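Trainee: sequence first, then the predicted structure, then my questions.
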Amino acid sequence: MTAKRILMGNEAIAFGAMKAGLQVASGYPGTPSTEVMETIASHANKYGIYAEWATNEKVALETAVGAAYSGANTLVTMKQVGLNVASDPLMSLSYIGVKGSLVILVSDDPGPHSSQTEQDTRAFGHFSNIPVLDPSTPQEAYDMAKLAFRLSHEMEIPVILRTTTRVSHGCADVVTEDIEQAGRDIEGYVKEPRWTIFPKLTAQRHPWLEDLQVRLSDRFSDLFNENTFNSITKGNSRIGIASSGVSSLYAKEAIKEHSDRFSHFKVATVHPFPEKAALDFLSDITDLIVIEELDPYLEEQFLQLIGRHHLDVNLYGKKNGHFPVSGEYDVDAVINGVNSSLQAMNTDVPLLKHSTPVVARENIPPLPVRPPTFCAGCMHRTVFYAFKKAAAKLKKENGKGTVFSGDIGCYTLGNAQPLNMVDTCLCMGAGISMAAGLSHTQQYQEGNYAKQVAFIGDSTFFHSGVSAIISAVYNNADITLAVLDNRTTAMTGHQPHPGIGLTAMGNPTKAIDIAEVLRSCGVDLVETIGADDLGKCIDMAKKAMEYEGPSAVVFKGKCVGITKTTGQYMIDEEKCTGCNFCVSQLGCPAIFSVSSGTPQIQDNCTGCSLCAQVCPSDAIVLREVVQ
């Protein structure tokens, strides 16, 4: 039976995977992909699925590969930068293939909205010789998830299901089917030489892999006739539009008033490129407009096809300046790009009109400045402020400064004023390694810096911090590591990790103690402290920074996003001197200054007491005390 329900694109992918017979799912949380695994985990017991949050994307992929070698239907989830972490096993896996099925869900983040890079996974699929499917709606995400499992099993190769933020987080009516109950058999692992990759095997499998690309391209062209994922709508002019993913919806909306004047090829099976279908489309086209996020991937495929077959087709896209080369598209951006292309053609097709007037940027009134900041009461603010005060004390004593290397997570926001405590940030786990690298250059800098300090979160520590700290200890790096343990993976929505004691499916498990891991890695000075007492945190930070050699402090607290307020503070106007120290030093969003009089504390105060601890006049007190 079928049912129609409103689903987010990520939820639709999860339901499509479960309908396809998913048995093992592994991933690492990262916006905009997280909800796929969360949906699967919430239904795992009902349908007999094993689901887990792995320590990082590489481990997640390798776990799924092991299950796929046993014949299981497997899924891996991650965001686009996570694919970088998983690229090592991915590149080898394309040569080996799988026995069951393996689908790799990768969510790209054009914009970017919540990522350190813009990356296009379609190009990564081309680089790794792994097929890529690119849905444009939640319904297609559901249907193409099922197709991905089918193709993976049929071709014995992993398949990438690539989405973008608007598809992953967009909601729509999705027609779903009943999911079978548990009980599907897994064949089991059978020893074969093909599962062990060596140079000789690679040489033998490479021709197979190249031949597979041709067979996949033909298969995708066959699928063109079987379903509506790839589609062609014919117009009455010789102008064509090619698009993929959510850009296809923008294109459809942009040309709706003149849709009869354009032919439109929506490409969903983006790699290998469906050449036969593309050639059929180009047979009636003299001018082709390519609309896509992010890289000019389709544009390059069409350019190669046009050149190889000596077609008299002009192409308009990113490479000749008609469309932006980066950033997220919308309907207005597509209309501008199409109009730019039409103006370059000798055509009588009228320019597209914006449904709403496009206001010049200089005429848009300025919006209020709302920089990202820690939540009111976030333990990270206390830790950063403690190290700021400890570093100031050390500089006063020895005249040397401190470099603070950050990492990826909520604590990246420590770079903002007034804290200004993150000097470097590259990728997950890099803060430790970069601090180590900086420490090894001190001998050339005449001792300008007293200590290199690296900040890392608890989930990120398990993700990629362990190997970095081992290397730092092994190579005698003089660094201090601050682990900000707020008992969750906060930035992506409070998923569990190995330090919590709960799995993705909610089952109790052994909690891995971060301090013990650090000691086992050879860090001699390891301290654990609660992040609620500022004075003790300052003393502990100073002690760790004064230690010669690798040192670490694990600061424990709770994420205010998942804990109840313990009380709220207010300012006693009789005691307040109006120094604004609480505002200028902490940057807490619950405290703000007014044009005259004392600062004010808003209702979003969570009662962390940091402002009360720094107030030089003892003017910040609990509301209950005053009342």
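Mentor: Everything's here; your move. Numbers count the residues shown, from 1 in each chain.
Trainee: helix, strand or coil for Ser248?
Mentor: Of the three states, Ser248 takes helix under DSSP: H, G, I helix; E, B strand; the rest coil.
Trainee: thought it was touching Ser136?
Mentor: Yes - here Ser248 reaches Ser136: they are 4.6 Å apart, a contact under CB atoms under 8 Å. Every C-beta, even on glycine, is put in place using the N, C-alpha and C of the backbone.
Trainee: what is in contact with the two at once?
Mentor: Each of Lys266 lies in contact with both Ser248 and Ser136 under the rule CB atoms under 8 Å, 6 or more residues apart in numbering.
Trainee: who's more crowded, these two?
Mentor: Neighbour count, other CB atoms under 10 Å: between Ser248 and Ser136, Ser136 has more, with 28 against 25.
Trainee: what about the more buried one, distance to Glu300?
Mentor: From Ser136 across to Glu300, the span is 20 Å (CB to CB, to the nearest Å).
Trainee: the stretch 451-600 of the chain: helices as residue ranges?
Mentor: Here the stretch 451-600 of the chain has its helices, by DSSP state H, counting those that start in this stretch, at 458-460, 466-474, 514-520, 534-546, 581-586.
Trainee: cool, the stretch 301-450 of the chain as well?
Mentor: Counting by DSSP H, counting those that start in this stretch, the stretch 301-450 of the chain has helices at residues 331-344, 379-398, 430-439.
Trainee: from those, which stretch is densest packed?
Mentor: Mean neighbour count (mean count of other CB atoms under 10 Å) peaks for helix 430-439 among these, with a mean of 24.
Trainee: which other helices and strands does it contact?
Mentor: strand 401-405, strand 449-457, helix 466-474, strand 479-485 (3 or more CB pairs under 8 Å, 6 or more residues apart in numbering; DSSP states H and E).
Trainee: who's in contact with stretch 429-436?
Mentor: 403, 405-407, 424-426, 452-456, 460, 463-465, 467-469, 471-472, 475, 477, 479, 481.
Trainee: drop anything exposed from these.
Mentor: 403, 405-407, 424-425, 452-456, 460, 463-465, 468-469, 472, 477, 479, 481 (16 or more other CB atoms under 10 Å).
Trainee: which stretches of the protein have low pLDDT?
Mentor: The model of the chain has pLDDT under 70 over residues 181-184, 189-191, 193-205, 208-210, 217, 221-228, 356-362, 443-449, 625-627.
Trainee: most tightly surrounded among the helices of the stretch 451-600 of the chain?
Mentor: Ranked by mean neighbour count, the helices of the stretch 451-600 of the chain are led by helix 458-460 with a mean of 27 (mean count of other CB under 10 Å).
Trainee: quick check: which of the helices and strands packed on helix 430-439 is nearest to Ala619?
Mentor: strand 479-485 (28.7 Å; CB to CB).
Trainee: report the angle between the closest one and helix 534-546.
Mentor: Compare the direction of strand 479-485 with that of helix 534-546 by axes from the mean of the first three to the mean of the last three CA atoms, to 10 degrees and you get 150 degrees.
Trainee: you'd agree Cys375 is up against Gly561?
Mentor: Yes - Cys375 is within contact range of Gly561, at 6.3 Å (criterion: CB under 8 Å).
Trainee: neighbour count for these two, which is higher?
Mentor: A count of neighbours by other CB under 10 Å puts Cys375 above the other of Cys375 and Gly561, at 20 against 16.
Trainee: nearest spatial neighbour of the more buried one, chain-adjacent residues omitted?
Mentor: Sequence neighbours aside, Val560 is the residue nearest to Cys375 in space, at 5.2 Å (criterion: CB to CB, 6 or more residues apart in numbering).
Trainee: can you get me a residue count around the one you found?
Mentor: Val560: 21 surrounding residues under other CB under 10 Å.
Trainee: find the residue closest to Leu525 in space, skipping its chain neighbours.
Mentor: Distances taken as CB to CB, 6+ apart put Ser551 closest to Leu525, at 4.0 Å, once the chain neighbours are dropped.
Trainee: with Ser237 instead?
Mentor: Arg261 is the one closest to Ser237 (CB to CB, 6+ apart), at 4.9 Å.
Trainee: please tell me how far that neighbour sits from Ile335.
Mentor: Taking CB to CB as the measure, Arg261 falls 14 Å from Ile335.
Trainee: ok, Pro296 next?
Mentor: According to CB to CB, Pro296 stands 19 Å off from Ile335.
Trainee: and Ala86, by the same measure?
Mentor: 37 Å.
Trainee: ok, now Asp485?
Mentor: Distance from Asp485 to Ile335, by CB to CB: 49 Å.
Trainee: from one end of stretch 43-63 to the other, what's the distance?
Mentor: In stretch 43-63, first residue to last residue: 20 Å (CA to CA, to the nearest Å).
Trainee: and that stretch, what's buried?
Mentor: Buried residues in stretch 43-63 (16+ other CB under 10 Å): 43-44, 47, 49-63.
Trainee: tell me how many other residues crowd Ser593.
Mentor: 14.
Trainee: and Met428, backbone torsions?
Mentor: phi -60, psi 130 (degrees, to the nearest 10).
Trainee: neighbours around it, how many?
Mentor: By the criterion of other CB under 10 Å, Met428 has 26 neighbours.
Trainee: for the residue nearest to it when sequence neighbours are not counted, which residues are in contact?
Mentor: In this structure, Met428 finds its nearest non-sequential neighbour in Ile408, 4.6 Å apart by CB to CB, 6+ apart. By CB under 8 Å, 6+ apart, the contact set of Ile408 is 116, 425, 427-428, 460.
Trainee: wait, which of those is closest to His380?
Mentor: Using CB to CB, Thr460 comes nearest to His380 of the contacts of Ile408, at 12.6 Å.
Trainee: how close does the closest one get to Tyr385?
Mentor: Distance, Thr460 to Tyr385, by CB to CB: 21 Å.
Trainee: and stretch 517-530, how far out from the chain middle?
Mentor: Mean-position distance between stretch 517-530 and its chain equals 30 Å (CA atoms, centre = their mean, to the nearest Å).
Trainee: what's the first-to-last distance across it?
Mentor: Across stretch 517-530, first to last residue, CA to CA, it's 18 Å.
Trainee: same check on stretch 313-325?
Mentor: End-to-end distance of stretch 313-325 (CA to CA): 22 Å.
Trainee: of all the helices and strands packed on helix 430-439, which lies closest to Val517?
Mentor: Set against Val517 and scored by CB to CB, these come closest in helix 466-474, at 6.4 Å.
Trainee: relative to helix 430-439, how tilted is that closest one?
Mentor: Put simply, helix 466-474 runs at 20 degrees to helix 430-439, going by the same axes, to 10 degrees.
Trainee: could you dump helix 466-474 to PDB, C-alpha only?
Mentor: Taking C-alpha atoms only, helix 466-474 is exported to PDB below (Å, rounded to 0.1, in the frame of the first residue of the first chain):
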ATOM      1  CA  VAL A 466      43.000  11.100  19.000                       C
ATOM      2  CA  SER A 467      45.500  10.500  16.100                       C
ATOM      3  CA  ALA A 468      46.500  14.200  16.300                       C
ATOM      4  CA  ILE A 469      47.300  14.100  20.000                       C
ATOM      5  CA  ILE A 470      49.300  10.800  19.600                       C
ATOM      6  CA  SER A 471      51.400  12.500  16.900                       C
ATOM      7  CA  ALA A 472      51.900  15.600  19.100                       C
ATOM      8  CA  VAL A 473      53.000  13.500  22.100                       C
ATOM      9  CA  TYR A 474      55.300  11.300  19.900                       C
END
